[in-house]
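*Asks:* starting from these lines, generate the structure:
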Amino acid sequence: MVNQTQMANAIRALAMDAVQQANSGHPGAPMGMADMAVALWSDHLNHNPVNPHWPNRDRFVLSNGHGSMLIYSLLHLTGYNLPIGELKNFRQLHSKTPGHPEVDVTPGIETTTGPLGQGISNAVGMALAEKLLAAQFNTQEHAIVDHHTYVFLGDGCLMEGVSHEACALAGAWRLNKLIALYDDNGISIDGQVAPWFIDDTASRFCAYGWSVITCSNGHDAQAVSQAIATAKQSTDQPTLIICKTSIGKGSPNRANTAKAHGEPLGAEEIALTRTALGWSHAHFEIPTDIYAMWDAKPKGQQKETKWNTLFDAYQTAHPEKASELMRRMNGELPTQFSQVVVDAVVDAHQKAQTVASRKASQIALEAFTASLPELLGGSADLTGSNLTNTPSTPSFRVGANAQVIKNEAGQTGRHINYGVREFGMAAIMNGVALHGGFIPYGGTFLTFSDYSRNAIRMAALMKKRVIHVFTHDSIGLGEDGPTHQSIEHAASLRLIPNLDVWRPADTAETVVAWAVALQNKNKPTALLLSRQNLPYLPKADAGNASGLDSMNKGAYVLAEPSEVGINKKAQAVIIATGSEVHLALKAQELLATFKVATRVVSMPSTTTFDQQSVAYKKAVLPKGIPRIAVEMGCTDGWWKYGVSAVVGIDTYGESAPAPELFKHFGFTPENVADTVRAVLQRS
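*Replies:* Residues are numbered from 1 along each chain as shown. From the prediction side, this is the model:
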């Protein structure tokens, strides 16, 4: 009869065989965590291999993603659509078993992990989403949202600072359905971690408000299972289970050494390991009785069927809530969304307000948060500066009983105070988006996007709808000086593949930027917004479909020479973004006094404009006409548009009032006009 040790050894065998065949990978972690996996996946995890997207499944995150053969083995053994051939193709081009787990590549993978610390942070976001959805949709009769989030993590995840940011919040939010299992093997690539990792991890997590359970033998599957069962009883705290393990468990010469971490064991050591484990089967061969013991399909289908029955009753009793929950879990926007956008743009055009684009963002959010209950906002301790809150987004709070607090209108909080935790905020938002049911957005200063950058990159890689509100986007923030003044940040963000970057110039463009971000179902968006007030830009067609469509394309002709009394074809094109667009218009007026005809193009999103047809791009930026770009940032990114000059900044800023800085760095109508004239003289 198959026992749990044999189940674990199946994982060990597949891990060392796949890594050896690929001649690349990390066999030690899967071999060390195999018994932990048996405990969780065979005794506790609610999932259905036949339907990996069952809404009420438990979420499992392998935060130490280098141990990917652990989860690939589990998915294969439990019956997901991951045949043995894919394990044999581990780390090969176009296989479903890439070097680190990737969501939407391999069935059953919940998040892309590899950059350590982000998996546990994603898991905090998933558990937060579950808690909030349960508070919004569950009734006394129907606990329709009711699942756990489980995480495996290692020493590296705990060393990364983002784990501190996210886990502290998990304790503050009392995420009792978050259970993390720590693979405490004491080994990293450089060897025994003791000289450089001396944290008292248990005390650290107790200080966060977690429950901590120590399992002195992480290879005792029954003991680990009992610890998980205890953790599931928690009503007011997340739980960390510390499992003392041996990396490369079973390997006679590599166990408990760094040699087991990141390289194949070698044919000779694999043979010795097979003997030590009593595993006599051929490479990639799993006996049918072990497959049968691992098969989770019958149990998974039963659990989903039971939930479907519950959901049917819920749908009968609460049809509107059931429909709304499914809409949000499917990531679909409300049917009235398009009209909300049109109304907001028309309102912006009619009011023509002079406000900072950060304020324009808040005005747009007032419309969108009122219409989209899935919008879940927040700020990294800069709410009053980022202006990410609205009347429709009360502050998220959790009571001493771990229940989400509702206001007098029965609303749960939809605006999160993340504290000074930019990286943690970004990684948690990724987890919220991965879970489903919400569209997360969060704010900080643009210069602090550097703290968030790797999580932003991960959202782009995973193709997830996460919105970053970056305010104080230039030297225009003034006296705070170069530490806070963004120079390279806009250009740097534009380099991230699949990240949409918008720098709107007025209230109408800001509405459009938000609308596009909300419709970007398969990519994140960064909104770069000003601290200083910006005038509304005159637009003849902003209130109709044609004008809206032009702004949607990322760049459009804002003003032709005729609009400043010059009745001839443009001799030059001034391209500007954000707060510099009104500067371009002033320069156009100055140039008109010299009989110089210019076209002004507002380009709020280079990333969106780059995706347009060749014909549209030629219509906006005609060939044969000199182009001059204007942006308060580094100049490198503008040369690809065939510009002859850039009015930009390739140094750090200075501490002074914004008007003085504009003059100092040449952001005046006169300097822009002089630059255009100098280009024309050279042409």
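*Asks:* what ranges in this structure fall below the confidence cut-off?
*Replies:* Low-confidence segments of the chain (pLDDT under 70): 1, 542-546.
*Asks:* please enumerate the helices of the stretch 551-683 of the chain.
*Replies:* 581-593, 606-609, 614-620, 658-664, 669-682 (DSSP state H, counting those that start in this stretch).
*Asks:* I'd like to know which of those is closest to G436.
*Replies:* Between G436 and the helices of the stretch 551-683 of the chain, the tightest spacing by Cβ to Cβ is seen for helix 606-609, at 25.1 Å. For glycine as for every other residue, the C-beta is placed from the backbone atoms N, C-alpha and C.
*Asks:* for the closest one, buried residues please.
*Replies:* Neighbour counts over helix 606-609 (16 or more other Cβ atoms under 10 Å) mark 606-609 as buried.
*Asks:* which one of those is nearest G278?
*Replies:* T607 (56.3 Å).
*Asks:* residue ranges of each domain in the protein, please.
*Replies:* What the record gives for the chain is the domain set 4-301, 337-534, 553-682, from automatic domain parsing.
*Asks:* distance to E320 added to these, as a markdown table?
*Replies:* As requested, the domains of the chain are exported to a markdown table (distance: least, Cβ to Cβ, whole Å):
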| stretch | distance to E320 |
| --- | --- |
| domain 4-301 | 11 |
| domain 337-534 | 12 |
| domain 553-682 | 35 |
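*Asks:* how about those, which one is nearest W307?
*Replies:* Closest of the domains of the chain to W307 is domain 4-301, at 5.0 Å (criterion: Cβ to Cβ).
*Asks:* what's the end-to-end length of that closest one?
*Replies:* Chord length of domain 4-301, first to last residue, is 23 Å (Cα to Cα, to the nearest Å).
*Asks:* any chance of the helices of the stretch 551-683 of the chain in a markdown table, plus distance to A255?
*Replies:* Output for the helices of the stretch 551-683 of the chain, formatted as a markdown table (distance: least, Cβ to Cβ, whole Å):
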| stretch | distance to A255 |
| --- | --- |
| helix 581-593 | 63 |
| helix 606-609 | 48 |
| helix 614-620 | 59 |
| helix 658-664 | 61 |
| helix 669-682 | 67 |
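*Asks:* how about the ones you listed, which one is nearest L365?
*Replies:* helix 606-609 (20.0 Å).
*Asks:* just the CA coordinates for the closest one, please, in PDB.
*Replies:* In PDB, the C-alpha atoms belonging to helix 606-609 read as follows (Å, rounded to 0.1, in the frame of the first residue of the first chain):
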ATOM      1  CA  THR A 606       4.000  57.100 -26.000                       C
ATOM      2  CA  THR A 607       3.400  53.400 -25.300                       C
ATOM      3  CA  THR A 608      -0.200  53.600 -26.600                       C
ATOM      4  CA  PHE A 609       0.800  55.800 -29.600                       C
END
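*Asks:* against which helices or strands is that helix packed?
*Replies:* In terms of contacts (3 or more Cβ pairs under 8 Å, 6 or more residues apart in numbering; DSSP states H and E), helix 606-609 is packed against strand 500-502.
*Asks:* hmm, who's touching the strand it packs on?
*Replies:* Here strand 500-502 makes contact (Cβ atoms under 8 Å, 6 or more residues apart in numbering) with 490, 493-494, 513, 516-517, 520, 523-528, 604-608.
*Asks:* among these, which are in strands?
*Replies:* 525-528 (DSSP state E).
*Asks:* now, which of the residues you listed sits nearest F197?
*Replies:* For the ones in strands among the contacts of strand 500-502, the nearest to F197 is A526 (34.0 Å; Cβ to Cβ).
*Asks:* bridged to that closest one, which residues?
*Replies:* Legend: beta-bridge partners of A526 under DSSP bridges are H468, V501.
*Asks:* gap between it and M429?
*Replies:* 12 Å (Cβ to Cβ, to the nearest Å).
*Asks:* picking up where we left off before, out of the helices of the stretch 551-683 of the chain, which is closest to Q485?
*Replies:* Nearest to Q485, of all these, is helix 658-664, at 8.3 Å by Cβ to Cβ.
*Asks:* which positions within that closest one qualify as buried?
*Replies:* Applying a neighbour-count criterion of 16+ other Cβ under 10 Å, one finds 658, 661-662 buried in helix 658-664.
*Asks:* ditto for stretch 187-201
*Replies:* For stretch 187-201, by 16+ other Cβ under 10 Å, it's 187-188, 193, 201.
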